[in-house]
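Student: Build me a model:
(chains A and B)
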Amino acid sequence: MLNFSKINTLIIYFIFFFIAFFSSLNFQNNENLLIDKKINLGLDLQGGSYLLLEINSDTLVQEKIQDKIIPIKKLLKKNNINFSNFKINNQSLTVLIDDIEKFDTYFYSRKENLVNPYIDNYRSYELTYKKKSNKEIEILFSKFGLLTINNAALKQSIEIVRRRIDDVGTKEPTILQRGEKRILIELPGLKDPERIKELLGKTAQLNFRLVSENNEFGTDELISENGEKLNVSKRIIMSGENLIDAQPNINNQNNQPTVSFTLDRLGAQKFGRATTDNVGKRLAIVLDGKIVSAPSINEPINSGSGMISGNFSFQEVTDLALLLRSGALPTPLIIVEERTVGPDLGEDSIKSGTISLIVGFILVILFMLYKYKIFGLIANTALIANLLMLIGILTILESTLTLPGIAGIILTVGMAVDANVLIFERIKEELKTEKSIIHAFDTGYTKAKITVLDANITTLIAAIILFAFGSGPVKGFAITLGIGIITTLFTAYFLARHLTSIIVLNSKNKEIKI
Amino acid sequence: MNNKFNFSSKFKIANSLSLLLFILSILFIFFKGLNYGIDFKGGTLIELRSDNTDASTIRTLLNNMDLGDVNVKKFGQEGDYLIKVEQKEDDNNKIIPKIKKNLSDNLTAEVNFRRVENVGPKVSSELLQSGIIAISLSLAAMLFYIWIRFEWQFSIGSIIALFHDVVITLGVFSVLSLEINLSIIAAALTIVGYSMNDTVVIYDRIRENLNKYNRLNISEIADLSINDTLARTIITSATTLLALLSIFILGGEILRGFSFAMILGVVIGTYSSIFVASPMLKFFKVTYKTLEKEEEKIVP
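Tutor: Below is the predicted model:
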């Protein structure tokens, strides 16, 4: 175990210097080097906001099932299936029909089925039905239909969330899908997430609807900005989808903040037609179910642009314009988890983390020197090499260092010497019985090998499980702990062993004490 | 080590003590319960720094807001406070700006909100669930690893020792009403790894000595092996504890709970590998024949 061929020695030191080189990259300031790698600081160290959002597709499913009413009725009529008692429930439709078997054939038809399309990915139809009695059926979305709606809503939400956050202009935001219903957002350096939260908390569904004189069928009673109750037609003239731009503005006439918007061609056509036909009537501008304003239509608007005024502050029109530009969220987003760390707490954490690392490191080094003298020096050299390699690997992986991650490094410092302690203690025992010192060292290394491996693999198992199941900062701890074990094994069994061999082989069998 | 300790004569006393502590811990965990932090219970946490105020002023300001259960305490250095608000049925998110505004308006000095965390009920129960899964899974993985590397008696013995460590650590947390949060789960898992590490070193030596000294009984073998590895056990515990103490004292408030759990775990883990894991082998009547049988199986 003490003989190293030249080539092996070369490989060992090459690996060490190669990896350790990367740790130096963290201390340079200029970024125009060939290798631009660095350890990133976690939000808990550099300050910033972490938000976990969840989409709630209940209302979306409700809307989607309502969209199916007319196609289903058409299907029934076209195929001469008599039906009655058509009811709209929360997330399903129920209807009495006279021929369920016939309905089944048309409902589950692969060919040009516009009512109930077949989703190839899932090998399932979008809708399904249940027999409630021998006449009554309940139509609802299948499991995969719901999944499709959910996925589409999530993808779209992520896109819109990204647009809104980019528009606010925070630096390097991270926006990721997390699971089936969630969006993870990391905003480094953001001190107060309230504005972002507010912007993400609004779906911003905008539509233009006519105000009707009486509460006839097909109207909603909505409350306007000045507390007036208005009956607003359910029919949507035009919605936010047709907007191509929206900007905050100040109205020249009354100095009121307003949002001016530009419509796409289709929107301009719809808007022009509606305003031409309804001169003199009032047009309600409805945002998320509330009337923002309901101005009278004085003349047809064919220009494809317009203005929304209401009782807005300038901040409100800025936000509204941003929301309208980014588009409407398909479903409301709920913030299920939020963690914000201020920049000064982050700095404090870095400071206390670094100090405790240095102090812990020095304590361990002194202890080992006291305990093992010259071999303590070897263990300490291995320990420093270990730290450099650990930081080097973290740099290569460009991983994120968190406060628990620093704790993991300190713990590695404490536990890393274990491998060398195991070996040295074993050698001590061998020295008692073995006459040849070289031989004693050799068997010491060989016999301790299995124990060192066994002992470290158990900790590695814990680290891997922690990585797989831990969330957020805990993952950072698991990464440093896990990598620390690997670098520990390398430094103890290659570097420290090589250094030991130099000392032992040069001692020419003189007295060596551990 | 020249002076040998007679560990096996103390096994009985130690085991009674362990059993007592274990049962007490379970009773405490069940009846007094664990003090779950917002990670697992849901709710809002705000850490702030402001001069010229005290916990009761902040408490009074918050009590006027009808927030339900509010907990305010000093945290770390002078002028730092930690506020915890329980999870309400409706979204806690909306109350954060209100609390911030209330405190900024009414406290005399400037308020610096150093940390704001809010965990909804769904996420908190998921975090708790995945924490429990992680710990159980790591125990199972250890059980399996030791079973492969040694015999089943060693595997069961080490798992009992691990269980002993985790339960007693949690018991101490229950007695002292210390907060259980995500980092405590990380600590618990590291304790599992560390304690196992310690146990494996002794087991390794027991296996070696069983093969070497056929005539000695398991108590003598255990004694011999524990003494053989005692220097290493002490030195490694010492260096690990030095590093941990450094985090505990200098690492700041956020790492305090974590490092305390780890310190506790290292002490209990070191104890258990000597006084729990080793006597278990005696309990299972392990002899050198246990190892031989296994070898015969492998080489038919």
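Student: Now A:I65: which helix or strand?
Tutor: If you go by DSSP states H and E, A:I65 is part of helix A:58-67.
Student: which other helices and strands contact that helix?
Tutor: strand A:136-141, helix A:143-168 (3 or more Cβ pairs under 8 Å, 6 or more residues apart in numbering or on different chains; DSSP states H and E). C-betas here are computed from N, CA, C, even on glycine.
Student: Recalculate using a threshold of 7 Å.
Tutor: Applying 3 or more Cβ pairs under 7 Å, 6 or more residues apart in numbering or on different chains; DSSP states H and E, we find helix A:58-67 packed against helix A:143-168.
Student: Go through the next helix or strand after the helix it packs on and flag the buried ones.
Tutor: As assigned by DSSP H and E, the chain's next helix or strand after helix A:143-168 is strand A:174-178. Using 16 or more other Cβ atoms under 10 Å in any protein chain shown as the test for burial, strand A:174-178 gives A:I175.
Student: Neighbouring strands - and their directions - for strand A:174-178?
Tutor: Strand A:174-178 has these partner strands in its sheet, going by DSSP bridges: strand A:182-188 (antiparallel).
Student: Beyond the strand it pairs with, next helix or strand please.
Tutor: From strand A:182-188, the next helix or strand downstream (DSSP H and E) is helix A:194-200.
Student: Residues touching that next one, excluding its own?
Tutor: A:53, A:161, A:164-165, A:168, A:187, A:319, A:322-323, A:333, A:335, B:93, B:97 (Cβ atoms under 7 Å, 6 or more residues apart in numbering or on different chains).
Student: Quick check: what element follows the helix holding A:I65 along the chain?
Tutor: Taking DSSP H and E, what comes next after helix A:58-67 is helix A:69-78.
Student: Give the other helices and strands that that next one contacts.
Tutor: strand A:92-97.
Student: what number of residues lie near A:K432?
Tutor: Per other Cβ atoms under 10 Å in any protein chain shown, the neighbour tally for A:K432 reads 8.
Student: Wasn't it part of a strand?
Tutor: No - A:K432 sits outside any strand when classified using DSSP: H, G, I helix; E, B strand; the rest coil, being helix.
Student: quick one: it and A:L481, what's the gap?
Tutor: Distance, A:K432 to A:L481, by Cβ to Cβ, to the nearest Å: 35 Å.
Student: cool, B:T190 as well?
Tutor: Applying Cβ to Cβ to B:T190 and A:L481 gives a distance of 7 Å.
Student: Now for these two: what residues contact both?
Tutor: With Cβ under 7 Å, 6+ apart as the test, B:T190 and A:L481 both reach A:L411.
Student: name the helices or strands packed onto the helix or strand encompassing A:A382?
Tutor: Element membership of A:A382, judged by DSSP H and E, is helix A:343-396. Identification of packing neighbours for helix A:343-396 by 3+ Cβ pairs under 7 Å, 6+ apart yields helix A:6-24, helix A:43-46, helix A:403-433, helix A:473-490, helix A:497-506, strand B:112-119, helix B:218-250.
Student: Now for whichever residue of the stretch 51-200 of chain A sits closest to chain B, how many residues are close by?
Tutor: Nearest residue of the stretch 51-200 of chain A to chain B, counting by Cβ to the nearest Cβ: A:E194, 5.2 Å away. By other Cβ under 10 Å, 17 other residues sit near A:E194.
Student: Ok, A:V421 next?
Tutor: That count, for A:V421 with other Cβ under 10 Å as the rule, works out to 26.
Student: again, but for the one 10 residues further on
Tutor: Using other Cβ under 10 Å, A:L431 has 18 neighbouring residues.
Student: and it, what does it touch?
Tutor: Per Cβ under 7 Å, 6+ apart, neighbours of A:L431: A:437, A:440.
Student: what about it, distance to chain B?
Tutor: 13 Å (Cβ to the nearest Cβ, to the nearest Å).
Student: Residue numbers of the stretch 151-300 of chain A in contact with chain B?
Tutor: A:194, A:197 (Cβ under 7 Å from any Cβ of the partner chain).
Student: what about the stretch 151-300 of chain A, any weak spots by pLDDT?
Tutor: A:215-217 (pLDDT under 70).
Student: Could you break chain B into its assigned domains?
Tutor: Using automatic domain parsing, the domain parsing of chain B gives B:8-37+B:124-298, B:43-119.
Student: Including mean pLDDT and distance to A:D58, could those domains go into CSV?
Tutor: Below are the domains of chain B laid out as CSV (pLDDT from 0 to 100; distance: least, Cβ to Cβ, whole Å):
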stretch, mean pLDDT, distance to A:D58
domain B:8-37+B:124-298, 90, 20
domain B:43-119, 87, 16
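Student: Of all those domains, which one is nearest A:D454?
Tutor: domain B:8-37+B:124-298 (4.7 Å; Cβ to Cβ).
Student: All the strands of the stretch 101-250 of chain B, in order from the start?
Tutor: For the stretch 101-250 of chain B, the strands defined by DSSP state E, counting those that start in this stretch occupy B:112-119, B:179-180.
Student: All set, thanks.
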